[in-house]
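> okay, sequence plus prediction incoming.
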Amino acid sequence: MTDQQPLFHQAFYRRERRSVPLARDFTRRVLTEWDMDTRADDVLLCVSELATNALLHGVPPGRGYRLHLYLERPGPTHILRVELHDSGDGTPARREPTGETGRGLLLVDALADRWGVGERDPGKIVWCEFTGV
């Protein structure tokens with residue numbers, strides 16, 4: 001892979017439980033295609049958490065979410081960007097866990113090098129990035 005253009009893959013998932021493992025499997029296949037096994041476990045866990053958050057909080061009934069994976073290659077350090085696009089209202093925020101919930105963005109914050117929320121009409125984009133992958 002010597003081309004400096006970013007590599008890109010995307011997938012769409014409906015609002016259903018099985019979409020989280022499907023998103024994780026899709027990401028695993030893309031990482032394998034891009035020959036990226038460094039930090040793969042961290043990336044897969046973040047995809048699972050962001051997809052779960054999209055299902056629970058960001059995807060209205062009858063809708064779905066889109067997963068985008070970008071590999072930026074500006075030089076010797078690669079940057080992998082994971083984005084989940086949904087059409088739901090609200091802005092996700094890191095908060096203290098309660099019971100069995102509330103750990104998703106804490107994990108993303110701990111594992112990814114950067115993360116944030118962007119605008120989309122309708123909805124939002126929740127993203128995270130991994131450098132040196």
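Structure received. Given the structure is predicted, the values throughout are model-derived calculations rather than measurements.
> surely residue 108 and residue 48 touch.
No - judged on Cβ atoms under 8 Å, residue 108 makes no contact with residue 48 at a distance of 10.0 Å. The way it works is simple: take the backbone N, C-alpha and C, and place the C-beta from them, glycine included.
> between these two, which one's more packed in?
residue 108 (25 against 18; other Cβ atoms under 10 Å).
> now the more buried one: which helix or strand?
Following DSSP states H and E, the helix or strand that holds residue 108 is helix 104-111.
> same deal with residue 28?
Element membership of residue 28, judged by DSSP H and E, is helix 19-33.
> which elements pack onto the next helix or strand after that helix?
Using DSSP H and E, the next helix or strand after helix 19-33 towards the C-terminus is helix 40-53. With contacts defined as 3 or more Cβ pairs under 8 Å, 6 or more residues apart in numbering; DSSP states H and E, helix 40-53 has these neighbours: helix 19-33, strand 64-72, strand 79-86, helix 104-111, strand 124-131.
> got the CA coordinates for helix 40-53 in PDB?
Below are the C-alpha coordinates for helix 40-53, written out as PDB (Å, rounded to 0.1, in the frame of the first residue of the first chain):
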ATOM      1  CA  ALA A  40      -7.000  -4.300  16.500                       C
ATOM      2  CA  ASP A  41      -8.500  -5.400  19.800                       C
ATOM      3  CA  ASP A  42      -8.800  -1.700  20.900                       C
ATOM      4  CA  VAL A  43     -10.400  -0.700  17.600                       C
ATOM      5  CA  LEU A  44     -12.900  -3.600  17.700                       C
ATOM      6  CA  LEU A  45     -13.900  -2.800  21.300                       C
ATOM      7  CA  CYS A  46     -14.500   0.800  20.400                       C
ATOM      8  CA  VAL A  47     -16.600  -0.200  17.300                       C
ATOM      9  CA  SER A  48     -18.700  -2.400  19.600                       C
ATOM     10  CA  GLU A  49     -19.200   0.400  22.100                       C
ATOM     11  CA  LEU A  50     -20.000   3.100  19.500                       C
ATOM     12  CA  ALA A  51     -22.400   0.700  17.700                       C
ATOM     13  CA  THR A  52     -24.100  -0.200  21.000                       C
ATOM     14  CA  ASN A  53     -24.500   3.500  21.900                       C
END
